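Colleague: how does the following fold in three dimensions:
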Amino acid sequence: MTDALFVEATRLVEREGWLLDTRAWDAWLDLYLPDAEYWLPCYLEDGSLTSDPQSQISLIYYESRAGLEDRIYRIRTDQSLASRPLPRTAHTVNIGNIYQADDGSVVVNSSWSSFSYRLEQTYNFFGTQEHILKLGDQGLKIASRRILVMNDNIPCPLDVYSV
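Modeller: Take a look at the predicted model:
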């Protein structure tokens, strides 16, 4: 992997949180390829994770960017009761590993945390994530984002701006 590709991958993953924090929804959606998968699997009672979003429960699952676009539409138009009022958020990302896979995609593993303030309450979510990025005409784009939320207790609505 070239140094330029490494830097671009790092910046993309770090920028994603900033775009969510600043509610730059269109720029955030533009990070994703049309067929990008967005998945937050659930923990099972034995501590293992669900492995199939089609047949097992997930915290959040969208099989393409169209699902993310619909979610943002509902947030923007106040059709999401869980997002009213919209919380203020701050994301941090710590890049752990970046490598280029055999198929040419770039895999970025990182840990993350987010803080949110809503209705006079402060919440913190944290976990790890894996971005799979693909290089196209417009640079790197997200082909897949798999997010593990490590909180045992989720005391408020969990949404795309929470992770």
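
Colleague: C-alpha only now, for contacts and for neighbours.
Modeller: Fine.

Colleague: hmm, who's touching whichever strand or helix holds residue 135?
Modeller: Assigned by DSSP states H and E, residue 135 falls within strand 121-136. Under the contact criterion C-alpha atoms under 8 Å, 6 or more residues apart in numbering, strand 121-136 has outside partners 9, 13, 104-117, 140-151, 155-156, 162-163.

Colleague: in helices, which of these fall?
Modeller: 9, 13 (DSSP state H).

Colleague: now the contacts of strand 121-136: which count as buried?
Modeller: Among those, those classed as buried by 16 or more other C-alpha atoms under 10 Å are 9, 13, 105-116, 140-149, 162-163.

Colleague: what about residue 91, neighbour count?
Modeller: Residues near residue 91, counting by other C-alpha atoms under 10 Å, number 23.

Colleague: just checking, it touches residue 15?
Modeller: No - taking contacts as C-alpha atoms under 8 Å, residue 91 lies outside contact range of residue 15: 9.7 Å.

Colleague: what about residue 69, distance to residue 108?
Modeller: Using C-alpha to C-alpha, to the nearest Å, one gets 23 Å for the distance from residue 69 to residue 108.

Colleague: what do you get for residue 57?
Modeller: Taken as C-alpha to C-alpha, the span from residue 57 to residue 108 is 25 Å.
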